[in-house]
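# Give me coordinates for this.
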Amino acid sequence: MVEASKFEIMSANMVQKRKLCDILVFWALVIVALVLCWSLWRICAYGIAYRAVTIEAQESSAQWNSRIQRFDDTNVSSVIQQNQNVSSDVQQNQTNEHEMNDKEEESLSRSMDEWEQSSDNFYADSDFSYTVGSTVKNWDLKRQKWLKAHPHIKNYTEGGRPRILVLTGSQPHACKNPIGDHLLLRCFKNKQDYCRIHGLDMFYNTILLNQKMFTFWAKIPLIRAAMVAHPEAEWIWWMDADAVITDMEFEHPLEKYKDFNFILHGWEENIYKKRSWLGINAGVFLMRNCEWSMNFMERWAVMGPQSPLYESFAKILSDELPDRALTDSDDQSALIYLMIKEKKKWTNKIYIENEYYFQYYWLDIVGNLENVSKIYDAMDAKHPELRRRYAEKSARPYAEKREPYLKEIWAGLLERRPFVTHFTGCQPCSGNHNPIYKAEDCWNGMEKSLDFADDQVLRIYGFRRDRLQSAVVSPIQFD
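Numbering: from 1, shown residues only. Now for the predicted structure:
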């Protein structure tokens, strides 16, 4: 009896479990059915909506065509036809452009192949050198042939000005001055901003190309190599790392220098009468890419540290230039020595510029920057055309609009922006500044000048600083 009772209980449990499974299956089927019904409803709804939109679009198109026919609006029909023509013209122009590009690439490839195999290819000459101490004969003729063989590479900018290559650089190691690397980075940005706005190329060097030509002399082998590497450049613009461009609108008056090869800032009286080693500054200059310049640099380098005459010239230069402060032979004193001793040979191609701030001594400038900013702000307030917005690529024509108004207020150099402010003696990287200055004056002066220049760039982007040496900018109100 007990066993029969257990069997009945187990049978009852199995029946209950089966009923539960049947219920779960039923509700699962119900849910699936509901999902299918909902999906079919959504599909139908989308189909109806799409049909309605299509009918509405057709009706709208019919109404538009009816209006054109009703009012006989020839202008609308003309616009439609013009759009069709423009689309056709664009496609045709794209086809023509592709065909022209293919022809140009084919011509360029053929021209380069001819140049590579030509005897005029001086790069293939094993005796040809980039270094100082190796004379390049007939460089002017070599450049002309290279330019003729590479017509796609122009020796002038889009604005038609002779092409300038900016050269500058710094030491191959980190700065000892804690803020030196930051200052050099900002000086680099300053020059790069100017080059971008004016369509110039720049090469920033951080290595000695001639290990024996260090400090001041490192620029000569770099310029010599750059002339060879860039035959398309008409001018080399050398700037020391501590030179800051503080007028981002101004451009060299190159037409003024058409008969000269070497442009320096200085005073002839200080060179020839006073025989002062400060008669010029060799930290910023323009040098034409030509054979004369290469020959001049060869002569100039004879007094450099790679020469066996280096120590002898240290005494010769001190005897010739009584106010000279250095004990070693330096590039600036050597340059003045050549201008005095070999005047007839070289100076007819050297132009001493002092009619504008080609480059100027920082201590005479930084204290006046706020006043110059006020003069330019007053000028902008008076002349609405100077307050207009413009794209960075079109900055040059707008800068030219300012020039007549500058001439109106001209009463001296201190009333216009200095072109280049040179922090001579500050040594921002090493920190070994001239003891006649305070370190704070050097670093604050550089920061102020860099901010002064950067504000001119930020203006193109619609902002300016609240004041110099501030990291806070505000939007500019334009007309």
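
# can you give me the strands in the stretch 151-300 of the chain?
Applying DSSP state E, counting those that start in this stretch to the stretch 151-300 of the chain gives strands spanning 164-169, 201-205, 235-239, 243-245, 262-266, 280-288.

# ranking these by burial, who's on top?
When the strands of the stretch 151-300 of the chain are scored by mean count of other CB atoms under 10 Å, the highest mean neighbour count falls to strand 243-245 (a mean of 26). C-beta coordinates here come from the backbone N, C-alpha and C atoms, glycine included.

# Which residues outside that strand are in contact with it?
168, 187, 190-191, 194, 239, 283-284, 359, 419-423, 446, 449-450, 453 (CB atoms under 8 Å, 6 or more residues apart in numbering).

# Which ones among the residues you listed map onto helices?
187, 190-191, 194, 446, 449-450, 453 (DSSP state H).

# and the nearest residue to Tyr272 once chain neighbours are set aside, what does it touch?
Using CB to CB, 6 or more residues apart in numbering and skipping residues adjacent in sequence, the residue nearest Tyr272 is Ile340, 6.6 Å away. Contacts of Ile340 were listed using CB under 8 Å, 6+ apart, and they are 271-272, 275, 320.

# tell me which element Ile340 is part of?
Using DSSP states H and E, Ile340 sits within helix 331-341.

# Rounded mean pLDDT for that helix, please.
Averaging pLDDT along helix 331-341 yields 97.

# which parts of it are buried?
By 16 or more other CB atoms under 10 Å, the buried positions in helix 331-341 come out as 331-339.

# ok, the closest residue to Asp380 other than its chain neighbours - how many residues close by?
Excluding its sequence neighbours, the residue lying closest to Asp380 (CB to CB, 6+ apart) is Leu386, at 4.6 Å. The number of residues packed near Leu386 is 16, by other CB atoms under 10 Å.

# per-residue pLDDT, Leu386?
90.

# With Glu370 instead?
If you check Glu370, the pLDDT there is 94.

# How about Lys407?
According to the model, Lys407 carries a pLDDT of 79.

# Checking it next. Helix, strand or coil?
helix (DSSP: H, G, I helix; E, B strand; the rest coil).

# Let me see the ranges of the helices in this protein.
Using DSSP H, helices in the chain cover 2-71, 74-117, 139-149, 180-198, 219-229, 268, 291-301, 310-320, 331-341, 343-346, 369-382, 395-409, 439-460.

# My read is that Phe463 contacts Ile476, right?
Yes - Phe463 is within contact range of Ile476, at 6.4 Å (criterion: CB atoms under 8 Å).

# Looking only at neighbour counts, state which of the two leads.
Just comparing Phe463 and Ile476: by other CB under 10 Å the higher neighbour count belongs to Ile476, 16 against 13.

# before we move on, back to that, right, so of the strands of the stretch 151-300 of the chain, which gets closest to Tyr405?
Between Tyr405 and the strands of the stretch 151-300 of the chain, the shortest separation by CB to CB is 21.2 Å, and it involves strand 243-245.

# before we move on, the earlier item: gap between the helix holding Ile340 and the chain center?
33 Å (CA atoms, centre = their mean, to the nearest Å).

# Quick one, which of the contacts of Ile340 are buried?
Of those, these count as buried by 16+ other CB under 10 Å: 271, 275, 320.

# how near is the first one to Lys343?
With the distance defined as CB to CB, to the nearest Å, Ile271 ends up 10 Å from Lys343.

# so who does the nearest residue to Gly266 once chain neighbours are set aside touch?
Nearest residue to Gly266, sequence neighbours excluded (CB to CB, 6+ apart): Ile280, at 3.3 Å. Counting by CB under 8 Å, 6+ apart, Ile280 touches 264-266, 271, 332, 335-336, 352.

# Quick check: which ranges of the stretch 101-250 of the chain have low pLDDT?
101-110 (pLDDT under 70).

# among the strands of the stretch 151-300 of the chain, which is nearest Asn138?
Closest among the strands of the stretch 151-300 of the chain, using CB to CB: strand 280-288, at 15.9 Å.

# tell me the angle of the closest one relative to helix 291-301?
Calculated by axes from the mean of the first three to the mean of the last three CA atoms, to 10 degrees, strand 280-288 forms an angle of 150 degrees with helix 291-301.

# Quick check: can you name the pairing partners of strand 280-288 and their directions?
strand 235-239 (antiparallel), strand 262-266 (antiparallel) (DSSP bridges).

# okay, these in JSON lines with distance to Trp300 next?
Shown next, in JSON lines, are the strands paired with strand 280-288 (distance: least, CB to CB, whole Å):
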{"stretch": "strand 235-239", "distance to Trp300": "13"}
{"stretch": "strand 262-266", "distance to Trp300": "10"}
